[in-house]
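Peer 1: give me the fold of what follows.
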Amino acid sequence: MGNCSSCDADAAANTVKLILHDGRLLEFSYPVRASYVVQKSPACFICNSDDMDFNDVVSAVNDNEELQPGQLYFELPLKRLLHRLDAGEMAALAVKASAALANSGDKCGCRQKNLVFPVDVGGVRSTRIVGAASRSGKRKNGGSSSRRGKIAPNLTVIPE
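Peer 2: Next up is the predicted model:
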């Protein structure tokens with residue numbers, strides 16, 4: 001009881017994760033090129049979450065580049081290509097990714113990971129961690145409850 005035997009955390013880490021423009025999550029368990037994904041949404045481009053920095057321009061992954069397993073990518077509209085990301089846009093992408101990952105069909109919560117984004121607060125580089133929504137409600141007497149606890153965001157900033 002309480003064990004998560006229905007999901008394989010190693011398999012989840014070996015998939016390409018793509019957050020679509022509409023907020024849905026696509027996962028690929030096989031090698032996939034950016035051009036394959038872009039052909040389904042020609043008004044969008046793919047960017048690597050690791051290449052996104054606060055107040056820096058957003059660049060597209062090369063069409064011939066193979067998307068890497070374990071990596072998170074975003075599908076963004078072309079109008080955001082070479083556009084600087086401000087704090088609000090970065091936060092919106094973090095929330096979108098967190099929601100998509102939390103709603104990815106994982107029933108046991110094993111795949112709810114924190115997303116880490118670099119931020120610059122008053123000239124000091126720090127990291128913003130955006131965690132998957134956490135439950136504040138608890139079950140009583142170990143029994144199952146049909147009522148769900150309230151969902152609260154888990155946002156913190158860690159200075160480097």
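Peer 1: show me the contacts for the residue lying closest to Arg24 once chain neighbours are set aside.
Peer 2: Using Cβ to Cβ, 6 or more residues apart in numbering and skipping the chain neighbours, the partner closest in space to Arg24 is Ala100 (6.4 Å). (Each C-beta comes from the backbone N, C-alpha and C, glycine too.) Contact analysis of Ala100 by Cβ atoms under 8 Å, 6 or more residues apart in numbering lists Ile19, Gly23, Arg24, Leu25.
Peer 1: tell me which residues of stretch 23-33 come out buried.
Peer 2: Neighbour-count burial for stretch 23-33, with 16 or more other Cβ atoms under 10 Å as criterion, is recorded at Leu25, Leu26, Arg33.
Peer 1: and those as JSON lines, adding pLDDT?
Peer 2: Shown next, in JSON lines, are these (pLDDT from 0 to 100):
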{"residue": "Leu25", "pLDDT": "93"}
{"residue": "Leu26", "pLDDT": "91"}
{"residue": "Arg33", "pLDDT": "93"}
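Peer 1: show me which residues of the biggest helix by length in the chain are buried.
Peer 2: Selection of the longest helix in the chain by residue count, based on DSSP state H, yields helix 87-102. By 16+ other Cβ under 10 Å, the buried positions in helix 87-102 come out as Glu89, Met90, Ala91, Leu93, Ala94, Val95, Lys96, Ala97, Ser98, Ala100, Leu101, Ala102.
Peer 1: could you check how far Asp51 is from Leu20?
Peer 2: Applying Cβ to Cβ, to the nearest Å, the value for Asp51 to Leu20 is 18 Å.
Peer 1: show me which of those two is the more surrounded one.
Peer 2: Neighbour count, other Cβ atoms under 10 Å: between Asp51 and Leu20, Leu20 has more, with 18 against 12.
Peer 1: how about the helices in this structure?
Peer 2: Under the criterion DSSP H, the chain contains helices at 9-13, 34-38, 87-102.
Peer 1: can you give me the strands for the protein?
Peer 2: Assigned by DSSP state E, the strands in the chain fall at 16-19, 25-28, 32-33, 44-48, 66-67, 72-77, 115-121, 124-135, 151-159.
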